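> based on what follows, work out the 3D shape:
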Amino acid sequence: MSYGTLPHLSRSEVKLRQPVDMQTPAGVPVIYRGSAYLQFKTAWDDNSHRYEPMTDEQKKVCDDMAKQLLDHGIQISVSLQAKIGEEPRSWPKVLTMTLLPNKPRDSDQQAPMGQQQASAPSAPPQTSKEILDDDIGF
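Numbers count the residues shown, from 1 in each chain. You can find the predicted model right below:
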């Protein structure tokens, strides 16, 4: 089986929650952070108004998959295209990024749920090793 030119992952419709600026009013480029989480689709809970949490087995499958991405050096390339016109190949790309797998944390390094805080780096990472050691959850 081959995907040929088809993407391995896709979403036919994406809606932005707010306008995305390329630069500040002062002309300074805005830097964004991309992150992704592997997850199973679970049942919707009408009482809590959210999806049911994954089981421990499902979490392990996701962790194992993320570890395989890391072990094999697999990166995820993401592009966002504006659906303008009929032909998908002519749709302009408005965003591209590459997501890199993170190294798993040791269980004693994991912050308790609800106490995890992402801190903005003082400078963007310069090497792939620094990128892989960041605090983005995967």
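
> Met97: helix or strand, and which one exactly?
strand 93-99 (DSSP states H and E).

> with just CA atoms, put that strand into PDB.
Output of strand 93-99 as PDB, limited to C-alpha atoms (Å, rounded to 0.1, in the frame of the first residue of the first chain):
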ATOM      1  CA  LYS A  93       0.100  27.900   1.800                       C
ATOM      2  CA  VAL A  94      -0.400  30.300   4.700                       C
ATOM      3  CA  LEU A  95       1.600  28.400   7.300                       C
ATOM      4  CA  THR A  96       4.200  25.600   7.300                       C
ATOM      5  CA  MET A  97       6.000  24.000  10.200                       C
ATOM      6  CA  THR A  98       7.800  20.900  11.200                       C
ATOM      7  CA  LEU A  99       7.000  19.200  14.500                       C
END
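
> which neighbours in the sheet does it have, and how are they oriented?
Strand 93-99 has its sheet partners listed here by DSSP bridges as strand 76-81 (antiparallel).

> now the partner strand: how far from the chain's centre is it?
From the chain centre to the centre of strand 76-81 is a distance of 10 Å (Cα atoms, centre = their mean, to the nearest Å).

> same question, stretch 44-62
In terms of Cα atoms, centre = their mean, the centre of stretch 44-62 is set 18 Å apart from its chain centre.

> begin at 681, not 1, for the rest of this chat.
Taking 681 as the first residue, the last one we looked at is stretch 724-742.

> and it, which residues are buried?
Residues of stretch 724-742 classed as buried: 734, 742 (neighbour count, 16 or more other Cβ atoms under 10 Å). Yep, even glycine has a C-beta here, placed from its N, CA and C like the rest.

> end-to-end on that stretch?
19 Å (Cα to Cα, to the nearest Å).

> got it, and stretch 744-762?
This stretch, stretch 744-762, spans 34 Å end to end (Cα to Cα).

> and that stretch, what's buried?
Those would be 746, 749-750, for stretch 744-762 by 16+ other Cβ under 10 Å.

> what number of residues lie near Leu718?
A count of nearby residues for Leu718, using other Cβ atoms under 10 Å, gives 15.
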